[in-house]
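In: Predicted model follows, preceded by the sequence.
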Amino acid sequence: MSDDARRRGASRTALATLLGTTLEWYDFFLYGTAAALVFDKQFFPSLSPAAGTLAAFGTLAVGFVARPLGGLVFGHFGDRLGRRSTLVVSLLLMGVGSTLIGLVPGYNTIGLWAPVLLVLLRVVQGIGLGGEGAGATLMSMEHAPEGRRNLYAGFPQMGTPAGLVLANMVFLATQSLAGDGTFTDWAWRVPFLLSIVLVGVGLVVRLRVTESPSFEQAKEEHEVVRFPLAAALRTDRVRLLITLLAVLANSAVAYVFMVFTLSYGTDHLGYDQRFLILGVSGAAVLWGVSIPVWTRIADRSGRRTLFIGGSVAVLVWCAVFFPLLDTGDTAMALLALAGMGLIIAPTHCVQGAIIADTFPVRVRYSGTSLILQAGAVLGGGLAPMISSALLDSVGSSTGVTWYLVGVCALSLAGAVALFRVAPEAPAEPSPSPSELVGEA
């Protein structure tokens with residue numbers, strides 16, 4: 001294959017992973033927006049407003065708990081059978097789960113079964129996204145031309161803010177067309193039902209990409225192992241722990257910004273709901289369009305300064321984010337949201353590549369999924385629920401601010417340790433014959 005053909009294939013793969021992750025995050029974030037604004041009324045009407053919001057965020061957290069299961073299952077088969085087929089299945093799971101959420105009757109119709117079915121479908125969503133996160137990053141990064149691994153690994157990361165913007169815009173458009181009463185009653189289901197159409201488009205694109213060259217080489221060299229997760233866990237445990245700490249804050253901060261801010265700003269500060277949705281979406285646009293800039297910097301100058309500097313910026317902005325929102329002034333709120341969108345990008349755009357380079361190719365899908373999804377559960381999955389509980393307990397956003405600052409401090413310490421103790425991926429011994437597929 002010629003160099004031009006390889007570059008075209010790499011570009012096609014990068015765009016396919018961007019589209020796929022955008023659609024998967026659309027589905028996942030759609031749930032988060034609905035949990036913040038609708039689900040307490042639809043599925044927990046007998047609870048107080050505060051308890052209903054907490055319960056709705058609890059179902060949001062269930063999806064994060066399911067993500068490690070998806071990561072482990074898809075990681076195993078991604079390392080055994082290849083990245084491409086697992087990514088097709090993960091996209092299907094997410095699309096079907098999201099579409100069925102749009103069909104679940106409310107509590108007033110089927111009682112307790114309504115939240116039960118909601119939770120089960122949220123588990124399906126979590127499993128699908130758990131398989132997507134690491135796989136899409138690896139597919140794009142392992143197709144990357146020499147010297148552009150961070151840039152190509154950043155394409156799937158752009159799917160996160162792109163999915164958020166798409167989810168919020170569809171949500172907002174449906175709400176505007178239907179009116180508040182009709183939207184809360186039944187029209188909130190329309191964005192979920194659209195998932196099946198969007199996933200169909202994503203599948204057409206994803207089925208056209210070729211398998212990862214790195215995985216194909218591992219197969220040719222007979223380095224596919226029987227139990228990749230077990231092999232991945234034999235990586236330096238200190239490196240695994242500090243890598244997890246380093247990526248923890250990005251997930252926690254992002255979900256407080258993207259989800260908790262909507263309910264807090266609407267219910268406690270009196271901001272217009274549409275204003276907040278548009279503000280968060282505008283910040284996500286800044287987040288997404290800045291990712292290629294940061295990843296190119298990482299390819300030219302290395303990840304260390306970018307990631308540690310980004311970790312410091314996230315900590316500082318978390319200290320001022322809620323005080324700016326609490327002023328009640330729309331200009332200050334827009335500044336808070338825009339700033340958050342800008343400071344999340346530098347760490348988020350390279351975290352996938354940092355995690356992936358911790359592991360050799362033969363166990364990379366399983367190992368990356370393990371770290372990525374553990375960070376998502378401990379950081380993002382619990383963040384909106386913890387923030388709601390702190391707000392209810394303290395009575396102000398002060399507790400939430402200190403919570404975020406504390407998580408950011410942990411991640412900053414992890415980032416410094418990661419690049420000081422283990423600046424490069426450790427050399428891995430070759431697998432023993434008993435570990436290999438097809439060997440005795």
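Out: Now that the structure is in, tell me what you want to look at.

In: Spatially central residue (nearest the centroid) of this structure, please.
Out: Nearest to the mean C-alpha position of the chain, counting by C-alpha atoms, centre = their mean, stands Thr160 at 6.0 Å.

In: which residues touch that residue?
Out: 21, 25, 254, 287-288, 348 (C-beta atoms under 8 Å, 6 or more residues apart in numbering). Quick note: C-beta positions are derived from backbone N, CA and C, even for glycine.

In: so it sits in a helix?
Out: Yes - under DSSP: H, G, I helix; E, B strand; the rest coil, Thr160 falls within a helix.

In: gap between it and Leu166?
Out: In this view, Thr160 and Leu166 are 11 Å apart by C-beta to C-beta, to the nearest Å.

In: And for Thr347?
Out: Distance of Thr347 to Leu166, given as C-beta to C-beta: 23 Å.

In: what's the answer for Leu410, then?
Out: Using C-beta to C-beta, we find Leu410 at a distance of 32 Å from Leu166.

In: same thing with Phe321?
Out: Distance, Phe321 to Leu166, using C-beta to C-beta: 24 Å.

In: between those two, who's got more neighbours?
Out: Applying other C-beta atoms under 10 Å to Phe321 and Leu166 shows that Phe321 carries more neighbours, namely 26 against 22.

In: which one is the more buried one nearest to, not counting chain neighbours?
Out: Ala336 (5.2 Å; C-beta to C-beta, 6 or more residues apart in numbering).

In: which element is the one you found on?
Out: According to DSSP states H and E, Ala336 maps onto helix 330-356.

In: after that helix, next one along is what?
Out: Per DSSP H and E, helix 330-356 leads on to helix 364-375 as the next helix or strand towards the C-terminus.

In: Show me the contact partners of that next one.
Out: The contact list for helix 364-375 (C-beta under 8 Å, 6+ apart) reads 67-68, 70-72, 74-76, 78-79, 83, 86, 130-131, 133-135, 137-138, 214, 228-229, 231-233, 235, 240, 243-244, 247-248, 250-251, 352, 355-356, 358-359.

In: If any of the residues you listed are buried, put those into a ChimeraX selection.
Out: Selecting only the buried entries of those in ChimeraX, with 16 or more other C-beta atoms under 10 Å as the criterion:
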select :67,68,70,71,72,74,75,76,78,79,83,86,130,131,133,134,135,137,138,214,228,229,231,232,235,240,243,244,247,248,250,251,352,355,356,358,359
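
In: Could you list which of the contacts of helix 364-375 belong to helices?
Out: Mapping the contacts of helix 364-375 onto helices (DSSP state H) picks out 67-68, 70-72, 74-76, 78-79, 83, 86, 130-131, 133-135, 137-138, 214, 228-229, 231-232, 240, 243-244, 247-248, 250-251, 352, 355-356.

In: Run a quick neighbour tally on the closest residue to Gly279 other than its chain neighbours.
Out: Distance criterion C-beta to C-beta, 6+ apart; nearest residue to Gly279, sequence neighbours excluded, is Leu337 at 4.4 Å. Look at Leu337: counted by other C-beta under 10 Å, it has 25 neighbours.

In: per-residue pLDDT, Leu337?
Out: The per-residue pLDDT reported for Leu337 equals 96.

In: correct me, but Ala114 touches Pro45?
Out: No - contact criterion C-beta atoms under 8 Å: Ala114 and Pro45 do not qualify, at 9.9 Å.

In: anything in contact with each of these two?
Out: Tyr107.

In: Please identify which of the two sits among more neighbours.
Out: Higher neighbour count among Ala114 and Pro45: Ala114, with 20 against 12, using other C-beta under 10 Å.

In: quick one: pLDDT of that one?
Out: The confidence metric pLDDT takes the value 89 at Ala114.

In: nearest spatial neighbour of Val123, skipping sequence neighbours?
Out: Nearest non-adjacent residue to Val123, counting by C-beta to C-beta, 6+ apart: Ala66, 4.3 Å away.

In: for Arg149, that is, sorry about that
Out: Nearest one to Arg149, counting by C-beta to C-beta, 6+ apart, is Met141 at 5.4 Å.

In: Can you tell me the element that neighbour falls in?
Out: Using DSSP H and E, Met141 sits within helix 113-142.

In: ok and that helix relative to helix 364-375, angle-wise?
Out: 130 degrees (axes from the mean of the first three to the mean of the last three C-alpha atoms, to 10 degrees).
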